[in-house]
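K.L.:
Give me a 3D structure for the following:
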Amino acid sequence: MINPLILTLLMFSLILGTLITMSSSHWFMAWLGLEINYLAMIPLMLQKYSHRSVEAAMKYFLIQATASSTLLFASAMNIWMFGVWNIQQTDKPVILFMIFAALTLKLGLAPFHTWFPEVMQGLTLPTCLLLSTWQKIAPLSLLIQLPMKYSVIIHFIGLLSIMIGGWGGLNQTQLPKIMGYSAIAHFGWMILIIQQMPELTSLAFMIYTILTSSMFLMFWYNKTNNITSLSITWTKMPIILIITPLILFSLGGLPPLTGFLPKWMILLELAKNEFVLTASTAAVLALLTLYFYVRLSFALAITTSPSILPDLMPWRMMPSHPFHH
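P.N.:
Model prediction:
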């Protein structure tokens with residue numbers, strides 16, 4: 001395990017990098033914050049040393065370094081052509097497209113998504129939680145500031161992410177990979193509305209973070225990494241049988257639950273701005289992600305493991321202690 005002092009330093013660097021990027025209107029400072037942020041993440045990925053974690057950390061480093069260098073190159077082009085480092089004054093279509101592609105790569109959105117589920121699979125569950133929530137804040141804050149004027153590209157990336165996120169998670173059995181594809185789909189929804197109403201993107205992100213954190217903490221508490229082990233978790237703690245399907249259905253966006261709110265508001269805002277076809281396509285593609293959330297709920301609530309009776313209800317059994325004389 002990692003030294004507590006080193007862990008504190010890494011977590012401080014992680015938070016500092018994100019805050020620098022979020023609070024800067026200068027491309028160089030934004031890039032600096034992103035560098036501090038992702039370099040602090042790599043030792044956290046390697047705290048449980050294995051071949052898979054080393055592979056995941058190497059993939060993460062290469063992808064993030066590529067995106068950061070593309071971002072720095074595009075912002076340097078901007079200063080060369082216009083003489084300004086200000087994020088709001090980035091106006092050249094080629095430069096905007098390069099920056100948008102770099103930030104999309106950092107977020108793991110389609111079509112630059114392939115690294116994200118693979119990296120998630122090689123990490124521990126707490127690190128997966130950090131990667132799918134906190135690590136998204138800095139690039140998302142830059143995307144919100146970016147003066148994008150091409151809604152066709154944004155909507156294409158958003159719809160493609162929703163489709164890939166739903167489709168990719170259908171045949172997975174490993175929970176980190178499923179949650180990785182879930183993140184791709186959710187960020188597709190956020191990107192759809194980022195141009196018309198950034199506040200709605202922030203709301204969707206906050207609700208996604210709360211629901212995803214709940215799921216990862218449940219997986220971590222029960223030490224489950226795949227669907228098979230998920231099917232026997234209800235025997236350890238029956239309250240999970242009630243709470244977890246509700247969280248999963250909320251992530252899927254079923255109407256009475258919290259996760260329905262941002263999706264409904266995004267669809268309404270798209271319809272108001274006359275993007276009816278985009279809204280209809282997103283609503284249909286949401287059924288793909290809903291399918292694998294239902295599949296997880298089915299595995300958790302309806303599947304019974306072939307165990308003998310004492311193993312089925314450990315929560316009812318009092319632990320036996322040796323008699324002390």
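
K.L.:
Longest helix in the chain, please.
P.N.:
If you go by DSSP state H, the chain has its longest helix at helix 51-82.

K.L.:
buried sites along it?
P.N.:
53, 56-57, 59-60, 63-64, 67-68, 70-72, 74-75, 77-78 (16 or more other CB atoms under 10 Å). Where C-beta positions appear, they are placed from N, C-alpha and C, glycine not excepted.

K.L.:
min pLDDT across those residues, which one?
P.N.:
Ranked by pLDDT, the buried residues of helix 51-82 bottom out at Asn78, which has 88.

K.L.:
On the pLDDT front, check the residue nearest the centre of the chain for me.
P.N.:
Nearest residue to the geometric centre of the chain (CA atoms, centre = their mean): Ser132, 3.1 Å. In this prediction, Ser132 carries a pLDDT score of 95.

K.L.:
Straight-line length of stretch 232-241, end to end?
P.N.:
Stretch 232-241 has an end-to-end distance of 10 Å (CA to CA, to the nearest Å).

K.L.:
Tell me the gap between that stretch and the middle of its chain.
P.N.:
26 Å (CA atoms, centre = their mean, to the nearest Å).

K.L.:
Equivalent analysis for stretch 184-200, please.
P.N.:
For stretch 184-200 - counting by CA atoms, centre = their mean - the centre lies 13 Å from the chain centre.

K.L.:
about what we covered before: give me the element the closest residue to the residue nearest to the centre of the chain other than its chain neighbours is part of.
P.N.:
For Ser132, ignoring the flanking residues on the chain, the nearest one in space by CB to CB, 6 or more residues apart in numbering is Ala183 at 4.5 Å. Ala183 belongs to helix 175-192 when assigned by DSSP states H and E.

K.L.:
now the residue nearest to the centre of the chain: how far from Met148?
P.N.:
Here Ser132 is placed at a distance of 24 Å from Met148 (CB to CB, to the nearest Å).

K.L.:
With Met41 instead?
P.N.:
26 Å.

K.L.:
More neighbours: which of the two?
P.N.:
Met41 (22 against 18; other CB atoms under 10 Å).

K.L.:
mind listing what's buried in the helix or strand that contains the more buried one?
P.N.:
Using DSSP H and E, Met41 maps to helix 27-45. By 16+ other CB under 10 Å, the buried positions in helix 27-45 come out as 27, 30-41, 44-45.

K.L.:
same check, this time on stretch 122-137
P.N.:
Buried, per 16+ other CB under 10 Å, within stretch 122-137: 122-125, 127-137.

K.L.:
just checking, which of those belong to helices?
P.N.:
Mapping those onto helices (DSSP H) picks out 125, 127-132, 137.

K.L.:
just the residues you listed now: which is nearest Leu105?
P.N.:
In terms of CB to CB, no member of these lies closer to Leu105 than Leu131, at 14.4 Å.

K.L.:
Would you enumerate the residues in contact with the closest one?
P.N.:
41, 60, 119-120, 123 (CB atoms under 8 Å, 6 or more residues apart in numbering).

K.L.:
From Thr70, how far off is it?
P.N.:
In terms of CB to CB, Leu131 sits 20 Å off from Thr70.

K.L.:
can you check Thr21 too?
P.N.:
Thr21 is 16 Å from Thr70, where distance means CB to CB.

K.L.:
for Met41, same thing?
P.N.:
19 Å.

K.L.:
In which helix or strand does Phe249 reside?
P.N.:
If you go by DSSP H and E, Phe249 is part of helix 239-252.

K.L.:
what residues does that helix touch?
P.N.:
Helix 239-252 has contacts (CB under 8 Å, 6+ apart) with 182, 186, 208, 211-212, 214-215, 218, 222, 233-234, 257-260, 286, 289-290, 293-294, 296-297, 300-301.

K.L.:
And stretch 121-130, by the same measure?
P.N.:
Residues outside stretch 121-130 that contact it (CB under 8 Å, 6+ apart): 14, 41, 44-45, 47-48, 50, 52-53, 55-57, 120, 131, 174, 176-177, 179-180, 212-213, 216-217, 219-220, 225.

K.L.:
repeat that with 7 Å
P.N.:
Contacts of stretch 121-130 with the rest of the structure, by CB atoms under 7 Å, 6 or more residues apart in numbering, involve 44-45, 48, 52-53, 55-56, 120, 131, 174, 176-177, 179, 213, 216, 219-220.

K.L.:
remind me which residues of the stretch 201-325 of the chain are low pLDDT?
P.N.:
Along the stretch 201-325 of the chain, segments meeting pLDDT under 70 span 303-325.

K.L.:
what does the stretch 1-150 of the chain give?
P.N.:
Along the stretch 1-150 of the chain, the model assigns pLDDT under 70 to no residue.

K.L.:
now do 90
P.N.:
Residue ranges of the stretch 1-150 of the chain with pLDDT under 90: 1-4, 25, 47-50, 78-79, 81-93, 110, 145-150.
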